[in-house]
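Trainee: structure, please.
(one chain, ligands or ions: 1)
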Amino acid sequence: MNVQIKYLDPRAKEFKPSYGTPGSAGVDLRAMIDKPIVVEPGETYLIGTGISIYLRDPNYAALVLPRSGLGHKHGIVLGNLVGLIDSDYQGELKVSCWNRSSETFTVQPLDRIAQMIIVPVVHAQFEEVEDFQQTERGTGGFGSSGIG
Ligand SMILES: O=c1ccn([C@H]2C[C@H](O)[C@@H](COP(=O)(O)OP(=O)(O)OP(=O)(O)O)O2)c(=O)[nH]1
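Mentor: Numbering: from 1, shown residues only. The predicted model follows:
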């Protein structure tokens, strides 16, 4: 599929979104900042990526996800846990960087701070009913089937 992109910062153009290998699902998002940002434990910064995309087709959306290494090794995850980019959004893609660790972390200009995937969206119709057809699970959830 074709996605329109605008480079809001000339540096962003040097890192055109691409998939690392043919099997990669995510496109890296980089911190388009002029100087390092020191993120203290528990702090959250909204960081611009220097790009905007316009998906146009409501049957698609983009998800902003953490990078596993940053999250696991440094506790840098997303303040919103997952970012949802609407198909009609045209503004700069921003990443909410949350330091959930107990160590200070410094984001350097152009660092890869998150990744983005584009996913299909189903616009379901919601049909009101009085009763659902019975299932084995029924209303059980949140650990009702036990641990492990
Ligand atoms: O990590 C994110 C999440 C969202 N957005 C942009 C794209 C998205 O389409 C828009 C609105 O996001 P969302 O609907 O999640 O925000 P909201 O808090 O519900 O605010 P709004 O009232 O603007 O919808 O913000 C980002 O750039 N990065």
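
Trainee: for the residue nearest the centre of the chain, list the residues it contacts.
Mentor: Centre of the chain computed as the mean C-alpha position; nearest residue by C-alpha atoms, centre = their mean is Val64, 1.1 Å away. Val64 sits next to 29, 78, 82-85, 93, 95, 114-116 when contact means C-beta atoms under 8 Å, 6 or more residues apart in numbering. C-betas here are computed from N, CA, C, even on glycine.

Trainee: export those to a markdown table and tack on neighbour count?
Mentor: Below are the contacts of Val64 laid out as a markdown table (neighbours: other C-beta atoms under 10 Å):
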| residue | neighbour count |
| --- | --- |
| Leu29 | 27 |
| Leu78 | 20 |
| Val82 | 10 |
| Gly83 | 19 |
| Leu84 | 12 |
| Ile85 | 20 |
| Leu93 | 23 |
| Val95 | 26 |
| Ala114 | 27 |
| Gln115 | 20 |
| Met116 | 21 |
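
Trainee: which of these lies closest to the ligand?
Mentor: Gly83 (2.1 Å; C-beta to the nearest ligand atom).

Trainee: start and end of stretch 31-49, how far apart?
Mentor: Stretch 31-49 has an end-to-end distance of 5 Å (criterion: C-alpha to C-alpha, to the nearest Å).

Trainee: next one: stretch 100-110
Mentor: Stretch 100-110: ends 21 Å apart by C-alpha to C-alpha.

Trainee: buried set for it?
Mentor: 101, 105, 107, 110 (16 or more other C-beta atoms under 10 Å).

Trainee: all strands of this protein, in order?
Mentor: 4-7, 27-30, 37-39, 44-54, 60-65, 76-78, 83-85, 92-99, 105-107, 112-120 (DSSP state E).

Trainee: who's in contact with Ile33?
Mentor: Contacts of Ile33 (C-beta under 8 Å, 6+ apart): 47-48, 107, 109.

Trainee: the residues you listed also near the ligand: which ones?
Mentor: Among the contacts of Ile33, no residue sits close to the ligand (C-beta under 6 Å from any ligand atom).

Trainee: can you list the residues of this protein near the ligand?
Mentor: Along the chain, the residues adjacent to the ligand under the rule C-beta under 6 Å from any ligand atom are 64, 80, 83-86, 89, 93-94, 96.

Trainee: since that was my last question, I'll sign off now.
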